[in-house]
Structures are given as C-alpha cells and as structure tokens.
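K.L.:
Pasting a predicted model and its sequence here:
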Amino acid sequence: MCPQNFDEVTTENMTENTSEYVSDEMAANETGDSIETSAGEDYSSEDVGAEDNILVCDGLVKIYKTDDVEVLALQGLELEIKRGELVAIIGKSGSGKSTLLNMIGGLEKPTAGRLYVDGHDLFAMSEKGLVEYRRKSVGFVWQNSGQNLFPYFTALQNVEAPLYFDRMSQKDRREKAMNLLKMIGIDHKANSYPAQMSGGEQQRVAIAVALAHDPQILLADEPTGAVDSKTSNMIQDLFRKINEEIGITIIIVTHDLSLANKVSRVIMISDGKISTEKIMKEKYRQQLDNMTTENLAEVESHEEYSILDKARRVQISQEALEMAGIDSNKVRVEVKDGKIILSK
Ligand SMILES: Nc1ncnc2c1ncn2[C@@H]1O[C@H](COP(=O)(O)OP(=O)(O)OP(=O)(O)O)[C@@H](O)[C@H]1O
Ligand SMILES: [Mg+2]
C-alpha cells in the first residue's frame, strides 16, 4: 500500500533498507526513554589530541569472521580529521574503505582500537548513545540512491522523514526540508517520487536527507559511482559548496579520481591502513573555481606524503623501491643534510 502523505506512514510500510533507522528509533522508544537525551552524557571523556580534530582513529582493527576464514579489514588504522575538513578516501577494492566509513558512522564496531568523535570514545557509549549518534551526528549518502530514499515518498517527504520523530510541527518540518532542497538546488523536484528523477537528482535529494538533522559529519560511500561524469562533477561541486557554506566535515569514499582532485586532502588506504596522503597545493586551490575539468587534469594538484605510524614505520611503494633499485628487505638508512636517505 502506498501512503498518501508522510503522516500516514507506519513502520509496517517502510522498506527493508530503512528498517535499521526505524528499529533504532523503536529501540530507544520502547524502553520508554526519551531519545531527546544528549548522546554526550554517555561519553567517556579523554584527551585525544588537538582540539580541532573532530575525528581520531587510534589503532583501529577490524576482523571479519566467516566460517573458518578471518579477514583483516583494518590493520591498526591511524587517522585524524579536523573539524570542517573535506576529505576523500581512495584505495583498491577490498582495502577497507567502507569498513572505515561504517565505523565512523557508528554502524560497525572495531575489533580493537578506538574511535574518538569530538574527543569522546564512540564505542564506549551505551547502545542508546550510539543510536542517538547515528541518528543525529552523522549523515550518510550511499552509492545506490535506492538505499538512500524511500521509493514511495516524494523528494520533500524523504527529507522530512528523518525529522519525523523530532518534536517539530509539521509546518516547521516541511519548511526545513524545503530549505534544504533549495540549498541543494533540487526544490523544483520537491513533489517528484524517486522513480520520476534522474540518478543525479536522486543523489542530490539523498544529500538533503543526510543533512536533515544538521549532522556534524557527512559520510558518502561512492556517491558518484552510479552516475555519468557530468552528473558526477555536479555532485562533487555540491559537496564542496556544502562544505564551504555550512562548514560541515565531509568524508567521501571514492574511486573517482576527478573527485579526489578537487578536495584538499586525499587519503589512500591500502591493506586496511593509511599508506599515503595528498594535500592540495595552495596555488591549485586558488585556481580551482575558475578551471574546467580538462584544465584541472593538466595541473599538478596535490603534494603526496607517506604516513608515519605510531611506531615510526612508513610504507614505501613497490614502484619507489624498484626505482631506487632496492630488491631485498634490507635498506640502508642515513641522514644527510637534514634528509633521510634510503638506499640499497
Ligand atoms: N560483513 C563482512 N563480512 C566478511 N568480510 C567482510 C565484510 N565486510 C567487508 N569484508 C571484507 O573486508 C575487506 C574490506 O572490505 P571493504 O568493504 O571495507 O572494502 P572497500 O575498500 O570498501 O572495497 P570496495 O572498493 O570494493 O567497496 C574485504 O576483504 C571484504 O571482503
Ligand atoms: Mg566499499
């Protein structure tokens, strides 16, 4: 049955992909507890680095066990992300990108290690605190827009949906949803159903949905994976606009190198660890707004850095080793003129 308006919706007619959201809500409500309670009360405060870090991953390990096989998806991953940063995460298939994103979103618990959000240990929180965190502090945009939107709601109703359990009048809810659609530039589709919109339009509505609760962190897993390059460009620009205008921290997992070229910091994951980071050159950043995609590809955009882990280990790419003629596991390390030189 198709509900005629959002207020007729019950939990029975919500689709599978929304069941977690609903059951989280129900779980919090069933206990008779108010979900208005600040998640902060469950936090255990610890000092975890610079104050402007919104996110600190401290030795994150994730092991998946299926039958007799163990998969090490994250291998002691260390990462710090500053408040208001726009970061892209890239890496080969199976390198652990989605695992990390799901962990930041509070959907996946680490096997070992800690994840601090705003200086608080996320997984030391009570289940209720975690539900609240998932519901309000993070917004998700998935690759497949079908995962992001209720098919039987209009764009406007979809954006209203996360606000449904809030103490908000219907008028305020509608106004907030409409303003978000306007900000994303998709308000002309407010009364369209997902099936009546293109993939790119659906992804834009999905971004508005993810922003409905004014989250601190916006997470996107391959948001441009299922759209053409023109639409992908438009969505990329939208992420930059949102980041600049509302200052929200955005973390995007992508295979799309043109997207990675447009963000100030690109993190490369390899075998469940951060291997290198690329930081955008200031000169390139200044030119970014006035350049076409073709122009951008010709300019050196980022400076690449290898990452030293806590034990002062660094990963050297196979390519670099081959170029230096290093073909065994022994390297000579010397410091010359303030530089560390590795040689055969
Ligand atoms: N629920 C699960 N059960 C078992 N193994 C899993 C599970 N989720 C992920 N893995 C494994 O963990 C590793 C990392 O997976 P992950 O999904 O994080 O990779 P990814 O970098 O997002 O890859 P892709 O680019 O293909 O999306 C892979 O080897 C994957 O097979
Ligand atoms: Mg993935």
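P.N.:
Good, I have the coordinates. Residues are numbered from 1 along each chain as shown. Ligands and ions are numbered 1, 2, ... in the order given.
K.L.:
In the stretch 151-300 of the chain, mark out all the strands, start to finish.
P.N.:
217-221, 249-253, 265-270, 273-280 (DSSP state E, counting those that start in this stretch).
K.L.:
Mind putting these into TSV with mean pLDDT, distance to ligand 1 and mean neighbour count?
P.N.:
C-beta here means a position set from N, CA and C on the backbone, and glycine is covered the same way. Output for the strands of the stretch 151-300 of the chain, formatted as TSV (pLDDT from 0 to 100; distance: least, CB to the nearest ligand atom, whole Å; neighbours: other CB atoms under 10 Å):
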stretch	mean pLDDT	distance to ligand 1	mean neighbour count
strand 217-221	95	7	23
strand 249-253	95	7	24
strand 265-270	90	7	21
strand 273-280	84	12	18
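K.L.:
can you put these in CSV and add distance to residue 193?
P.N.:
As requested, those are exported to CSV (distance: least, CB to CB, whole Å):
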stretch, distance to residue 193
strand 217-221, 23
strand 249-253, 27
strand 265-270, 36
strand 273-280, 39
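K.L.:
Can you tell me which of those is nearest to residue 335?
P.N.:
When the strands of the stretch 151-300 of the chain are ranked by proximity to residue 335, the top entry is strand 273-280, at 21.9 Å, counting by CB to CB.
K.L.:
In the stretch 101-250 of the chain, which residue sits closest to ligand 1?
P.N.:
At 6.9 Å from ligand 1, residue 222 is the closest residue in the stretch 101-250 of the chain, using CB to the nearest ligand atom.
K.L.:
I'd say that residue and residue 255 touch.
P.N.:
Yes. Shown here, residue 222 and residue 255 form a contact pair, counting by CB atoms under 8 Å, at 6.7 Å.
K.L.:
which of these two has more neighbours?
P.N.:
residue 222 (19 against 15; other CB atoms under 10 Å).
K.L.:
quick one: the more buried one and residue 147, what's the gap?
P.N.:
11 Å (CB to CB, to the nearest Å).
K.L.:
Same question for residue 115.
P.N.:
Residue 115 is 23 Å from residue 147, by CB to CB.
K.L.:
the more surrounded of the two?
P.N.:
residue 115 (24 against 14).
K.L.:
still on that earlier bit, which among the strands of the stretch 151-300 of the chain is found nearest to residue 151?
P.N.:
When the strands of the stretch 151-300 of the chain are compared (using CB to CB), the closest one is strand 217-221, at 20.0 Å.
K.L.:
Over to residue 153: give its phi and psi.
P.N.:
phi -110, psi 150 (degrees, to the nearest 10).
K.L.:
same question, residue 84
P.N.:
According to degrees, to the nearest 10, residue 84 has phi 80, psi 0.
K.L.:
count of neighbours near it?
P.N.:
Neighbours around residue 84, by other CB under 10 Å: 15.
K.L.:
likewise residue 204?
P.N.:
Counted with other CB under 10 Å, residue 204 comes out at 24.
K.L.:
if I pick it, what's in contact with it?
P.N.:
Contact partners of residue 204, counting by CB atoms under 8 Å, 6 or more residues apart in numbering, are 184, 185, 186, 235, 238.
K.L.:
Those residues into JSON lines, with extra columns for distance to ligand 1?
P.N.:
Formatted as JSON lines, those follow (distance: CB to the nearest ligand atom, whole Å):
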{"residue": "184", "distance to ligand 1": "25"}
{"residue": "185", "distance to ligand 1": "28"}
{"residue": "186", "distance to ligand 1": "27"}
{"residue": "235", "distance to ligand 1": "18"}
{"residue": "238", "distance to ligand 1": "22"}
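K.L.:
Can you select the buried ones among the residues you listed for me in PyMOL?
P.N.:
Remark: buried members of the contacts of residue 204, expressed as a PyMOL selection using 16 or more other CB atoms under 10 Å:
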select buried, resi 184+186+235+238
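K.L.:
Any chance of CSV for the contacts of residue 204, columns distance to residue 135?
P.N.:
Below are these laid out as CSV (distance: CB to CB, whole Å):
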residue, distance to residue 135
184, 21
185, 26
186, 23
235, 24
238, 23
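K.L.:
Can I get the contacts of residue 204 in TSV including distance to residue 332 and pLDDT?
P.N.:
Below are those laid out as TSV (distance: CB to CB, whole Å; pLDDT from 0 to 100):
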residue	distance to residue 332	pLDDT
184	55	92
185	57	92
186	58	94
235	48	87
238	49	91
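K.L.:
Tell me how far stretch 189-208 lies from the chain's centre.
P.N.:
20 Å (CA atoms, centre = their mean, to the nearest Å).
K.L.:
likewise stretch 173-180?
P.N.:
That offset, for stretch 173-180, works out to 23 Å (CA atoms, centre = their mean).
K.L.:
That'll do, ta.
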